[in-house]
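Peer 1: Show me the folded form of this:
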Amino acid sequence: MVGELPGMSLKAIGIVRNEVKQPSRRDYAEVVSEIIIDTGLTEALDNLDEFSHLIVLYWMHQLPAGKQLSLKVHPMGKSELPLVGRFATRSPNRPNPVGQAMVRLLQRRGNILKVKGLDAIDGTPVIDIKPYIPGYDSATDAKAPPWIANQ
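Peer 2: The predicted structure is shown next:
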């Protein structure tokens, strides 16, 4: 037991705008979104357009809050895949519904970032943006279990 864990608070830095209105299992690779950043943070975006890709962290706000989560799940709900710990999956249902996506930056206009491949729905709060740095954000010796290939 870790003991009492500290509380936390987050503040959205922006919001996602796109045509996806409801959460769904779909291919988001071609979805174009705009991330509208708080105007007070516009200067923090300077030079971000020198990067081709970004890492976007967002809050999956439409997931049911306070829902008791099972600690073991079948990845992607597929019973033919092994039962694994929830943290060994990319399930959106998590103790903290933080989403992460690596997206292509298409354009920056002031406080608006136009991106492609963001798997978030319209109205999703954005909590952070980081530049994708080749070499730093990829592991050359990464491994994954065999069942990943079956997804």
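
Peer 1: For the rest of this, base every contact and every neighbour count on C-alpha atoms.
Peer 2: Noted.

Peer 1: ok, and the closest non-adjacent residue to the residue most central in space within the chain?
Peer 2: The residue lying closest to the centre of the chain (Cα atoms, centre = their mean) is residue 100, at 2.0 Å. Spatial nearest neighbour of residue 100, chain neighbours left out: residue 57 (4.6 Å); criterion: Cα to Cα, 6 or more residues apart in numbering.

Peer 1: Could you list the residues in contact with the helix or strand where the one you found lies?
Peer 2: Element membership of residue 57 [criterion: DSSP states H and E] is strand 53-59. With contact meaning Cα atoms under 8 Å, 6 or more residues apart in numbering, strand 53-59 is reached by 97-105, 118, 120, 124-132.

Peer 1: what's the answer for stretch 13-25, then?
Peer 2: Under the criterion Cα under 8 Å, 6+ apart, residues 31-38, 41, 62, 120-128 lie in contact with stretch 13-25.

Peer 1: which among these end up buried?
Peer 2: Listed as buried from the contacts of stretch 13-25 are 31-37, 120-128; burial here means 16 or more other Cα atoms under 10 Å.

Peer 1: in this structure, which spans are helices?
Peer 2: Counting by DSSP state H, the chain has no helices at all.

Peer 1: Can you pull out the low-pLDDT segments for the protein?
Peer 2: 1, 64-66, 150-151 (pLDDT under 70).

Peer 1: Which residue ranges of it form strands?
Peer 2: Per DSSP state E, the chain carries strands over the ranges 14-17, 32-37, 53-59, 72-73, 84-85, 98-109, 112-116, 125-131.

Peer 1: can you list contacts of the fifth one?
Peer 2: The set of residues external to strand 84-85 that reach it, using Cα under 8 Å, 6+ apart, is 71, 72, 73, 74, 75.

Peer 1: Please repeat the previous calculation with a cut-off of 6 Å.
Peer 2: 71, 72, 73 (Cα atoms under 6 Å, 6 or more residues apart in numbering).
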